[in-house]
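Visitor: below are the sequence and a predicted model; questions follow.
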Amino acid sequence: MINLSTIIEKLELNVLTEPKDFSQTQVKDGYTSDLLSCVMAGAPNASVWVTLQAHNNIIAVASLLDLAAVIITEGATPDQATIDKANDEGITLLQTDKNSFSTVGQLWELGIRAEK
Amino acid sequence: MAVNNSQRNRIISDQEAENISRLEELAYEIKVSEVMTSKLISFSPDTKMKEVLEVFRQKRISGAPIVSSQGDLIGLISMEDLIRCLTDSDLNAKIDKYMTTKLITILPTDPVIEASKKFVSTNFGRLPIIDKDQRLVGMITKGDINRGLLRALETDYQEEEIRKYRASHLFEDIESDRSSLILRYQIQQDDFEDGGRASSNIKRALIRLGASKQIARRCGIAIYEAEMNLIIHTTEGGVLRVEIEPHQITIDAYDYGPGIKDIDLAMKPGYSTASDAIREMGFGAGMGLINISRCVDQMKLESIWGKGSRLKMRLFLDSEYNKDRLENQTS
């Protein structure tokens, strides 16, 4: 298993929410989709979710599924209210300029897999 | 951590106030008198330094106050003073030759944070505590503060545990032929801003009531989908009603329009009537009702076009076995 701190470092992600000790958060699985219902059905517990959605409903999804973090791709930027909500719920929001495909590729190379 | 004065004096913003830890809060709440040592080893002004050495060694202390016969504080003697005396080979000297008389004192009613600040600003290892009548009532060290704060944190933790215990034993504590807890949430149409708030709150309530993570997650997903359906598709919003009983959770989502034209079609994976704008936000995948049926043990959808819809869901808490049995029956 790999920790979130390594993922942030290797993928050069921007941390949008309050910094935490990310090395304590272990990540095993990943999931990607921009359709919230699919995420609801498919994202495993404590996984990272890669999406280009940046509106505030992603926080509810991440919180209900107890996700380790959300990686927002293609430089999409959530508004301040969304970031505040994420901080309230203890959700980590990360951001990259890369697209979802290359982000998932990098995660796979680090050993993150889809749940079996 | 070094904090300069201009930083220390500025007004704390709301954002910063939220980030102040429980430990910092406690440092303001707890009084010096609650953590200080009041059983004191003290010396009289004519004690010889060699006696001080003996007492320090035997009692394993590193400092003590010097008190007059009237009980007034005259000075402090510390290990550092004793080392100076040893360097001078002057153990026969009286204590008043080596004691510190420059005294920084603190009141027993002061909050612990005041003592911390004085430790930082003076570099002293211990502070005498003087009451309003200038009498010595105790001593405080950094160690006393740490121990006091840890004790208080532990009490906090125990109280939280008790609260959790009480919530999770709610149903056992109340006697009736059938007890249930009902939660109601009014959901506004088009209110994407608050989308997922009700389901998050319900999930949190279930965890507090002692539900397993599995059950809380299944409930959370089912209720989220029902909640988003009310926000996306209704003309006048609707209501989420959750009834929690020791053996089951019953969820009712109902609205007053527009209703569903063809329920069989609505139940088909991938079918959705959501607008393009809503699809752009990632909704309208046509998977909502499918997700719900996967998460709950029983589900019933009724609708009259032009009137409204009612979605009833039920989860059994007794065992996971129930879910398997029901799935086998319906398939």
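Guide: Everything's here; your move.

Visitor: which residue ranges form the strands in the chain?
Guide: Here I'm looking at chain A. For chain A, the strands defined by DSSP state E occupy A:2-3, A:14-15, A:26-27, A:30-32, A:48-51, A:69-72, A:93-95.

Visitor: let me rephrase: I mean chain B.
Guide: Under DSSP E, chain B gives strands at B:63-67, B:73-78, B:126-130, B:136-141, B:181-187, B:238-244, B:248-255, B:298-304, B:308-316.

Visitor: which secondary structure elements does the fourth one contact?
Guide: Here strand B:136-141 touches helix B:32-35, strand B:63-67, strand B:126-130, going by 3 or more CB pairs under 8 Å, 6 or more residues apart in numbering or on different chains; DSSP states H and E. In short, each C-beta sits where N, CA and C put it, glycine included.

Visitor: coming back round to it: Serialize the strands of chain B to JSON lines and add fields for mean neighbour count.
Guide: Formatted as JSON lines, the strands of chain B follow (neighbours: other CB atoms under 10 Å in any protein chain shown):
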{"stretch": "strand B:63-67", "mean neighbour count": "21"}
{"stretch": "strand B:73-78", "mean neighbour count": "21"}
{"stretch": "strand B:126-130", "mean neighbour count": "23"}
{"stretch": "strand B:136-141", "mean neighbour count": "21"}
{"stretch": "strand B:181-187", "mean neighbour count": "15"}
{"stretch": "strand B:238-244", "mean neighbour count": "20"}
{"stretch": "strand B:248-255", "mean neighbour count": "21"}
{"stretch": "strand B:298-304", "mean neighbour count": "15"}
{"stretch": "strand B:308-316", "mean neighbour count": "20"}
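
Visitor: among these, which is nearest B:Met99?
Guide: With respect to B:Met99, and counting by CB to CB, the nearest of these is strand B:73-78 at 3.6 Å.

Visitor: keeping just the C-alphas, turn that closest one into CSV.
Guide: The C-alpha trace of strand B:73-78 is given here as CSV (Å, rounded to 0.1, in the frame of the first residue of the first chain):
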residue,chain,number,x,y,z
LEU,B,73,8.1,33.9,49.9
ILE,B,74,11.6,35.3,50.0
GLY,B,75,13.3,33.5,47.1
LEU,B,76,13.9,30.4,45.0
ILE,B,77,16.8,28.0,44.9
SER,B,78,17.4,25.9,41.9
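
Visitor: quick one: contacts for residue 113?
Guide: With no chain named, the answer covers chain A. With contact set as CB atoms under 8 Å, 6 or more residues apart in numbering or on different chains, A:Arg113 has these partners: A:Lys28, A:Asp29, A:Gly30.

Visitor: look at chain B instead
Guide: B:Glu24, B:Ala27, B:Tyr28.

Visitor: what's the pLDDT at the second one?
Guide: Translated: B:Ala27. With respect to pLDDT, B:Ala27 has a value of 83.

Visitor: got it, and B:Leu103?
Guide: Confidence for B:Leu103, expressed as pLDDT, is 86.

Visitor: from chain A, how far off is it?
Guide: For B:Leu103, the distance to chain A (CB to the nearest CB, to the nearest Å) stands at 42 Å.

Visitor: what is the neighbour count of that residue?
Guide: B:Leu103 is flanked by 15 other residues according to other CB atoms under 10 Å in any protein chain shown.
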